[in-house]
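Visitor: based on what follows, work out the 3D shape:
(chains A and B)
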Amino acid sequence: MKKVRAWQLLVFLAPAVIIYSMFSALPLADTLRLGFYTSNDAGVRSFVGLDNYRTILFDPDWSAAFWNAMWNNIKFFCIHMALQNPIGLLLATLFSLKGLRGARTYRTLIFLPTLLSVVIIGFIWQLILSPLWGVGEKLMGLVGLADWFGPWLGQESTALLTLSLISVWQYIGIPMMLIYAALLAVPDEVLEAAHAEGASGLRIFWQIKLPLIYPTLGLVTILTFVANFNAFDLIYSVKGALAGPNYSADLLGTYFYRTFFGYQAQIGSPTMGAAVATLMFLVILAGVGAYFVMVQRRLTRYAL
Amino acid sequence: MHNTKKAGGFPFVKKLMASATCAGALAMAMAGGHAQAGNLTIESWRVDDLQLWQDVLIPAFQKKNPGITVKFSPTAPTEYDSSLAARLAGGTAGDLVACRPFDVSLSLYNKGHLEKLDGKSGMEFFAPAAKTAWQSDDGKDTFCMPIASVIHGFFYNTKIFKELNLEPPKTEAEFFKLLDAVKANGKYTPLVMGTSEQWESHQVLFTGIGPNYWKGEEGRKALISGKAKFTDPQFVAAWEYEAKLAQYLPKGASAQTYSDSQNMFALGRGAVYPAGSWDIAYFNGKLDMGAFPPPVPKAGDACYISDHNDIGMGVNKKSKNKEDAYKFLAWLGSQEFADLYTNKVTGFFSLSNHLISVKDPIAKQMIGWRKGCASTIRVNSQILNRGTPSMENEMWNVNAQVLNGKLTPKDAAAKIQAGFAKWYKPQQ
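Guide: Residues are numbered from 1 along each chain as shown, chains lettered A, B, ... in the order given. As a prediction, the model looks like this:
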């Protein structure tokens, strides 16, 4: 094999490095920088150090909304972890069973919503759940539950939960597919050997399949974490940037939007927005970092 | 498994982070390039008017000014202010910019995005009062040409009123008697409104019914000078009135959107609809309706209406085609435009002093209220929206909560006042 020369390295790496730094690294660095500035009425920027962060974290006008959004975001993530991923695992396990009828059709149907635009998803669910025209109340009436129906998207106590469930419904296909692919990769010989030894189906799942797909479950967890803490579009398309009632559905994404772009009469502030974006970045970085240190390093990989 | 790391589908909303710094680049993608000489682009939040501009207004302008092509390119109302600010900063906004009243536009002017328009041809047709919404605080600089105002009141379904033998109410007591009658009948929703989008509860209902309590301009100016507080009885009374109205809203109103309400009233399922005059055009031809101004607290009380300077037009300082933009402004000041706009964009009333006969009966009725009642603008739109927390956003939230029964009128007043006093010197 010929030795790779320095200029060759440069030439082949350059396109990726240039594009990546221009559209990803630089904007990110610039966001971090912008968070240290403030701008006056005339739009002139001046350096203020950590002032923006102090305002967001300690000035009650800002911090109440920030912590509310953060707390909502944590709930949003917990609901996804409690429902989306276990159900995804269950579905994937069912589909990977041999000889299951209609598995392919169901698989496609369950995956389908992930392909739809969030705006459409938001609109459809808003219609379904509408207390005026929605089919939700009628459908519940068919099974005698009409009295349990409520304007779920409009109540402080239920708005965030409802939106989380809509999001779970939409994205459940992703963990399902990832886990499904991992389960297919489990070698047949291992399973046959277990069978031959007389292990039950459940035992095979808990003691063989599950340990083998731990890395995938970890991946799904971290993808969910990043996606959830960046979430914005569904909330915005259903509830607007005020994420009402009384900010009960406000996530860091909508909080960032209001701060950076402004909303209605609130005038946006790019510098404050950059500070919020930086905080979001740090939260995600911390989460991903913790995952790598605490989980990823300890995972045992089996050579299959 | 490593090859699946990039499996698509998860909403990689990293763009949020990126957009924090390259708003300019982002805006460029949205705006679709600069205008050239001979071309004008109008920015606006009036998505509903697109057809009208394309079919009526722009052709009328071009008849007088051949060779200038005009494109009307609106953005959804809730996104307009923010996306426009980003486009102006990025240098990709249109030549002509529809102006919100007061502080939002003033901030654009202070940042140097809008041209000063004093003395420009067409401006002479507007009275000083019409221009206040688009002037610097000292009144020396005017930066948008006034176009139109909107008036608030209530629409009612004539058929339902006839069926239940009801009359438009004059006083608060009569209004509640009427709503009770509709409720007792059980066939129709008494008051058609939802709080899902929150803005209607403030902009349509609270600032529509409130002026009768705080005496319009008198109350508004007292807030600005620091002589009155939101916790004073005349303001709390407005919230108390609003809270009483809550029991007449449709079932599940907290999840009902603005378009749900429009549909519901148009389908004849509700008796009374808290309205802005811009709603006239939507309902025309769909049902028989009448209008009445917000009922006064007691018989014989003076009446006040929310007659809000709503829309103006400014010139983008970075426009490549200012000469044509001024020609367009001159036309906006003309009798022809005033007449077309008032009569075609039903429910928007020209702010110019040209004499115009309003043809639409409901619009005519609403503009007629100016004779018997004193006009005022929305209570917080001048100066009061300037600080942090943004009073407009707080008002949306608080009024929606009062209607949802989650906040008492007293607490609502206290919350608004606390946010107000935090940044406004005369209130401290």
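Visitor: who in the stretch 151-300 of chain B is up against chain A?
Guide: B:194-199, B:250-257, B:260, B:263-264 (Cβ under 8 Å from any Cβ of the partner chain). C-beta here means a position set from N, CA and C on the backbone, and glycine is covered the same way.
Visitor: filter the residues you listed to the buried ones?
Guide: B:194-199, B:250, B:252-257, B:260, B:263-264 (16 or more other Cβ atoms under 10 Å in any protein chain shown).
Visitor: now intersect the residues you listed with the helices, please.
Guide: With DSSP state H as the criterion, helices contain B:199, B:260, B:263-264 from among those.
Visitor: how about a markdown table for those residues, with pLDDT and distance to B:Glu217 added?
Guide: Putting those into a markdown table (pLDDT from 0 to 100; distance: Cβ to Cβ, whole Å) gives the following:
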| residue | pLDDT | distance to B:Glu217 |
| --- | --- | --- |
| B:Trp199 | 92 | 23 |
| B:Asp260 | 92 | 34 |
| B:Asn263 | 93 | 35 |
| B:Met264 | 95 | 34 |
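Visitor: tabulate those residues (a markdown table), appending distance to A:Gly99.
Guide: Listed next are those as a markdown table, based on distance: Cβ to Cβ, whole Å:
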| residue | distance to A:Gly99 |
| --- | --- |
| B:Trp199 | 56 |
| B:Asp260 | 48 |
| B:Asn263 | 50 |
| B:Met264 | 52 |
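Visitor: contacting residues around stretch B:129-142?
Guide: The contact list for stretch B:129-142 (Cβ atoms under 8 Å, 6 or more residues apart in numbering or on different chains) reads B:99, B:101-102, B:105-106, B:109, B:116-118, B:123, B:128, B:143-146, B:309, B:312, B:314, B:351-353, B:377, B:381-383.
Visitor: show the average pLDDT along it.
Guide: Averaging pLDDT along stretch B:129-142 gives 88.
Visitor: mind listing what's buried in that stretch?
Guide: Judged by neighbour count using 16+ other Cβ under 10 Å, the buried positions of stretch B:129-142 are B:130-135, B:141-142.
Visitor: quick check: phi and psi on the residue nearest to B:Pro297 when sequence neighbours are not counted?
Guide: In space, B:Pro297 comes closest to B:Glu172 once its chain neighbours are excluded; the distance is 5.2 Å by Cβ to Cβ, 6 or more residues apart in numbering or on different chains. With angles defined as degrees, to the nearest 10, B:Glu172 sits at phi -60, psi -40.
Visitor: now do the same contact list for B:Glu172.
Guide: Per Cβ under 8 Å, 6+ apart, neighbours of B:Glu172: B:241, B:295-298.
Visitor: what about 10 Å?
Guide: Contacts for B:Glu172 (Cβ atoms under 10 Å, 6 or more residues apart in numbering or on different chains) come out as B:209, B:212-213, B:237, B:241, B:244, B:294-299, B:301.
Visitor: and the host helix or strand of B:Phe337, what does it pack against?
Guide: Assigned by DSSP states H and E, B:Phe337 belongs to helix B:335-344. If you count contacts as 3 or more Cβ pairs under 10 Å, 6 or more residues apart in numbering or on different chains; DSSP states H and E, helix B:335-344 packs onto helix B:50-52, helix B:58-64, strand B:145-157, helix B:322-332, strand B:349-350, helix B:361-372.
Visitor: spatially nearest residue to the closest residue to chain A within chain B (excluding sequence neighbours)?
Guide: Residue of chain B nearest chain A, by Cβ to the nearest Cβ: B:Gly252 (2.5 Å). Nearest residue to B:Gly252, sequence neighbours excluded (Cβ to Cβ, 6+ apart): A:Pro131, at 2.5 Å.
Visitor: and what about the one you found, helix, strand or coil?
Guide: coil (DSSP: H, G, I helix; E, B strand; the rest coil).
Visitor: quick one: neighbours of A:Pro187, just the number.
Guide: 11 (other Cβ atoms under 10 Å in any protein chain shown).
Visitor: show me the strands in chain B, by range?
Guide: For chain B, the strands defined by DSSP state E occupy B:39-44, B:69-74, B:96-99, B:145-157, B:189-191, B:270-276, B:289-292, B:304-315, B:349-350, B:374-376.
Visitor: residues making contact with the fifth one?
Guide: Counting contacts by Cβ under 10 Å, 6+ apart, the residues outside strand B:189-191 that touch it are A:132, B:154, B:160, B:175-176, B:178-184, B:205, B:245-251, B:253, B:261, B:264-265, B:269-274.
Visitor: of the residues you listed, keep whichever come out buried.
Guide: Listed as buried from the contacts of strand B:189-191 are A:132, B:154, B:160, B:175-176, B:178-179, B:182, B:205, B:245-246, B:248-250, B:253, B:261, B:264-265, B:269-274; burial here means 16+ other Cβ under 10 Å.
Visitor: so what pLDDT did the residue nearest the centre of chain B get?
Guide: Among the residues of chain B, the one closest to the centroid is B:Asp310, at 5.7 Å (Cα atoms, centre = their mean). On the pLDDT scale, B:Asp310 is placed at 89.
Visitor: does it really touch B:Leu351, like I thought?
Guide: Yes. Between B:Asp310 and B:Leu351 there is a contact at 9.2 Å, judged by Cβ atoms under 10 Å.
Visitor: hey, what's in contact with both of those two?
Guide: Counting by Cβ under 10 Å, 6+ apart, the contacts common to B:Asp310 and B:Leu351 are B:133, B:146-149.
Visitor: can I get the CA coordinates of stretch A:207-223 in CSV?
Guide: Output in CSV follows, covering the C-alpha atoms of stretch A:207-223 (Å, rounded to 0.1, in the frame of the first residue of the first chain):
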residue,chain,number,x,y,z
GLN,A,207,-31.3,-13.2,28.6
ILE,A,208,-30.2,-13.3,25.0
LYS,A,209,-32.0,-10.8,22.7
LEU,A,210,-32.2,-7.9,25.1
PRO,A,211,-28.5,-7.9,26.2
LEU,A,212,-27.5,-8.1,22.6
ILE,A,213,-29.5,-5.0,21.6
TYR,A,214,-28.4,-2.8,24.6
PRO,A,215,-26.2,-0.7,22.4
THR,A,216,-29.2,0.1,20.2
LEU,A,217,-31.4,0.9,23.1
GLY,A,218,-28.7,3.3,24.3
LEU,A,219,-28.7,4.9,20.9
VAL,A,220,-32.4,5.2,20.9
THR,A,221,-32.3,6.9,24.3
ILE,A,222,-29.7,9.4,23.2
LEU,A,223,-31.5,10.2,20.0
